[in-house]
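>>> Fold the following for me, if possible:
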Amino acid sequence: MSNLLYLILPALGGYTVTSLYLLKNPHILHKKKRTAFHCRHISHRGGCGERIESTMEAFTHAVEQGTGMLELDCHLTHDGHVVVSHDENLLRQTGHDVTISSLNLQDLPLYKERLEVTFYAGRYSSGADRKFTLLEDLFRKFPEMPVNIEIKENNDLLIEKVSDLVRCFGREDITVWATVNSGIMRKCRRMNPSMPYSFSMSRGLLLLLLFYSGLLPFVPLGESFLQFYLPRIINRTFIPEKHILRKRPLIFLLEKLTMRKSLFKHLAARGIQVHLFVCNEDQDIEAAFGVGATGVMSDYPTLLSNYLCRQRSQD
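Residues are numbered from 1 along each chain as shown. Take a look at the predicted model:
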């Protein structure tokens, strides 16, 4: 047994030292990713705290406030149009218990006059524009603006049409595939492999496993973006539907396990951007950048712009 320990302990020590060294110096094994854009300011649902979410008015306002990326979700109407909307069922957004896929484009109802901000309970947004936006209209109006598109439905036709629009407008390098579902992500990548993509949920869990096991520095990563909750907002500005996420000890553990500055620095050094969301107060924005986020996603583009402006003036 003692002879075996003489072999195992030096090997384990060597592995640990090598892993830590490569974690801080990933360029030795990996070529740094070069995405076409780098953004610190991301507007969640187009900046849904200041205008009604996902409307053209919201997107326009966010761009005017200096956002570096628009985040959105897409669904398909019954007559085949790609509509920008977070929900497939429109009850929360419009008060009508109908689905986008059951309606033709011309029959979509208007958004409510006042809409609660999902990630800031008790706060509401409003605006003059209450119409749903077509993805192609957004691409047409903002041809050079990076866009993060989350695909929530396992819908081959939706993925195909989104990909076709991205190709049609020649914006493969500034449009990001995003989804929590690994199966959907595989379909997105097969449909348009030239677009950068983010970590799915299972890939994110694998990333953490690789990090804590020391294997991460040795493993190639295809993703260009990691997007994750800032855990401190849960149960404070965002009340999750899942009961398990309402347990404070779990959130505390989640923060300790996921908000690892050494992990985020390693990813950034490999050219993988880290976006934390949804930061709707200065203290949350500061916390996100403090743990190594390269970008912050907010419902309040003006708030985030003002924060970044103040930071630049202090540097």
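>>> and the strand ranked longest in the chain, which strands flank it?
What stands out as the longest strand in the chain, according to DSSP state E, is strand 69-76. Here strand 69-76 has these sheet partners by DSSP bridges: strand 41-44 (parallel), strand 82-84 (antiparallel), strand 147-150 (parallel).
>>> C-alpha coordinates for it, PDB please?
Extracted as PDB, the C-alpha positions of strand 69-76 are listed here (Å, rounded to 0.1, in the frame of the first residue of the first chain):
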ATOM      1  CA  MET A  69     -26.200  43.000 -28.200                       C
ATOM      2  CA  LEU A  70     -29.900  42.300 -28.200                       C
ATOM      3  CA  GLU A  71     -31.200  39.200 -26.500                       C
ATOM      4  CA  LEU A  72     -34.400  37.700 -27.700                       C
ATOM      5  CA  ASP A  73     -36.500  34.500 -28.200                       C
ATOM      6  CA  CYS A  74     -38.400  33.400 -31.300                       C
ATOM      7  CA  HIS A  75     -41.500  31.400 -32.200                       C
ATOM      8  CA  LEU A  76     -43.300  30.500 -35.400                       C
END
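>>> per-residue confidence averaged over that strand?
If you average the pLDDT over strand 69-76, you get 98.
>>> Ok, stretch 49-57 next?
pLDDT averaged over stretch 49-57 gives 98.
>>> now do stretch 264-275
Rounded mean pLDDT across stretch 264-275 is 98.
>>> hey, which of the strands paired with strand 69-76 is tucked in deepest?
Mean neighbour count, computed with mean count of other C-beta atoms under 10 Å, is highest for strand 41-44 among the strands paired with strand 69-76, reaching a mean of 28. (Each C-beta comes from the backbone N, C-alpha and C, glycine too.)
>>> Name the surrounding residues that touch the lengthiest helix in the chain.
Longest helix of the chain, by residue count under DSSP state H: helix 2-24. With C-beta atoms under 8 Å, 6 or more residues apart in numbering as the contact definition, helix 2-24 has outside contacts at 28-29, 214-218, 262, 265-266.
>>> Now the buried members of those.
214, 216-217, 265-266 (16 or more other C-beta atoms under 10 Å).
>>> can you map out the strands along the protein?
Using DSSP E, strands in the chain cover 41-44, 69-76, 82-84, 114-116, 124-126, 133-134, 147-150, 175-178, 225-229, 273-277, 295-298.
>>> Go through those and name the closest to Asp164.
strand 82-84 (9.1 Å; C-beta to C-beta).
>>> Spit out the contact partners of the closest residue to His27 other than its chain neighbours.
In this structure, His27 finds its nearest non-sequential neighbour in Ala269, 6.9 Å apart by C-beta to C-beta, 6 or more residues apart in numbering. Contact analysis of Ala269 by C-beta under 8 Å, 6+ apart lists 25-27, 32.
>>> ok, back up a step: for the strands of the chain, give me a markdown table that also has distance to Met201.
Output for the strands of the chain, formatted as a markdown table (distance: least, C-beta to C-beta, whole Å):
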| stretch | distance to Met201 |
| --- | --- |
| strand 41-44 | 18 |
| strand 69-76 | 16 |
| strand 82-84 | 23 |
| strand 114-116 | 25 |
| strand 124-126 | 28 |
| strand 133-134 | 27 |
| strand 147-150 | 12 |
| strand 175-178 | 11 |
| strand 225-229 | 10 |
| strand 273-277 | 15 |
| strand 295-298 | 17 |
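>>> Ser101: which of these is closest?
Closest among these, once you apply C-beta to C-beta, is strand 69-76, at 6.1 Å.
>>> what number of residues lie near Gly68?
Neighbourhood size, Gly68 [other C-beta atoms under 10 Å]: 18.
>>> swap that for Glu116, sorry
Neighbour tally, Glu116, other C-beta under 10 Å: 13.
>>> List the beta-bridge partners for it.
Tyr124.
>>> Identify each buried residue in stretch 17-30, please.
Buried residues in stretch 17-30 (16+ other C-beta under 10 Å): 19, 22-23, 26, 30.
>>> Export the residues you listed to CSV and append columns for pLDDT and distance to Asn192.
Shown next, in CSV, are the buried residues of stretch 17-30 (pLDDT from 0 to 100; distance: C-beta to C-beta, whole Å):
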residue, pLDDT, distance to Asn192
Ser19, 97, 35
Leu22, 97, 32
Leu23, 98, 32
Pro26, 98, 27
His30, 97, 24
